[in-house]
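Chemist: Quick one, fold the following:
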Amino acid sequence: MADTSDIASASPQAPNPTGLADRYALALLALADDRRAADPGVTDRIAADIEALAKLAAEDATFAAFLRDPRRDARQQRAVAFEILGRLGTGTEVRNLVGVLIMNRRLAILPAVAAAFGARLAARRGVETAHVVSAVPLSDTQRAALLARLTEAGFSNLRLSERVDPGILGGLIVRIGSRLYDSSIKSKLQRLQFAMKGAA
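Modeler: A predicted model of the protein is given here:
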């Protein structure tokens with residue numbers, strides 16, 4: 001279970017989406033802009049569709065492995081991907097994005113494209129993104145507790161971008177802009193190890 005009560009400060013360094021993923025995200029955002037006059041809800045629909053795919057990639061190891069598997073040819077990737085998109089009820093715009101990624105042999109960057117799209121859209125809307133890494137997926141209760149804690153700490157108008165990394169063992173790593181708060185068990189163990197070495 002993730003601990004939302006202890007968020008300790010650490011280094012401000014954290015990875016950003018790749019330039020390639022950002023270019024795909026910008027193209028998707030431009031497409032939404034082009035269609036907004038005829039379809040006012042298109043941006044929100046695209047955001048929901050791509051967020052659902054990112055969540056699936058974060059929580060379903062089989063889907064994540066499928067995205068990264070370079071052995072499948074484009075026809076196989078398309079068949080599997082479009083079956084999944086059909087089950088999710090994904091709209092035309094994100095289906096076309098996935099088709100282009102498959103055609104260009106870049107399906108593996110889909111989660112990075114989703115993260116870049118979410119960040120671009122949030123920035124445009126004046127919403128700050130809190131990038132959260134947890135050892136297991138957060139429950140709705142944990143998510144609400146984390147948002148409440150961050151609000152108490154002076155952050156407002158936040159959206160969470162979540163990623164699961166079992167390697168942190170427990171706790172959370174939260175990045176908001178250049179600030180990084182690390183309460184992961186892995187980091188606590190490392191700090192304890194350094195302290196013990198210093199005392200020796």
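Chemist: Going along the chain, name the helices of the chain.
Modeler: In the chain, the segments counted as helices under DSSP state H are 19-35, 42-59, 61-68, 74-88, 92-103, 110-124, 140-152, 185-199.
Chemist: So this protein: which segments form each domain?
Modeler: As assigned by automatic domain parsing, the chain contains the domains 19-121, 127-199.
Chemist: could you dump these to TSV with mean pLDDT and mean neighbour count?
Modeler: In short, each C-beta sits where N, CA and C put it, glycine included. What follows is the domains of the chain, written out as TSV (pLDDT from 0 to 100; neighbours: other Cβ atoms under 10 Å):
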stretch	mean pLDDT	mean neighbour count
domain 19-121	94	16
domain 127-199	87	15
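Chemist: In TSV, list the helices of the chain along with distance to Arg179.
Modeler: Below are the helices of the chain laid out as TSV (distance: least, Cβ to Cβ, whole Å):
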stretch	distance to Arg179
helix 19-35	21
helix 42-59	22
helix 61-68	28
helix 74-88	33
helix 92-103	31
helix 110-124	15
helix 140-152	11
helix 185-199	15
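Chemist: any idea how far Gly19 is from Ser178?
Modeler: 19 Å (Cβ to Cβ, to the nearest Å).
Chemist: Between its first and last residues, how far does stretch 150-165 reach?
Modeler: 21 Å (Cα to Cα, to the nearest Å).
Chemist: which outside residues touch it?
Modeler: 7, 55, 58-59, 115, 118-119, 122, 126-138, 143, 146-147, 174, 176 (Cβ atoms under 8 Å, 6 or more residues apart in numbering).
Chemist: mind redoing it with 7 Å?
Modeler: With Cβ atoms under 7 Å, 6 or more residues apart in numbering as the test, stretch 150-165 has contacts from 58-59, 115, 118, 122, 126-138, 143, 147, 176.
Chemist: Then stretch 116-130?
Modeler: Residues from elsewhere that reach stretch 116-130 (Cβ under 7 Å, 6+ apart): 17, 21-22, 25-26, 28-29, 47, 50-51, 150, 155, 157-161, 174, 176-177.
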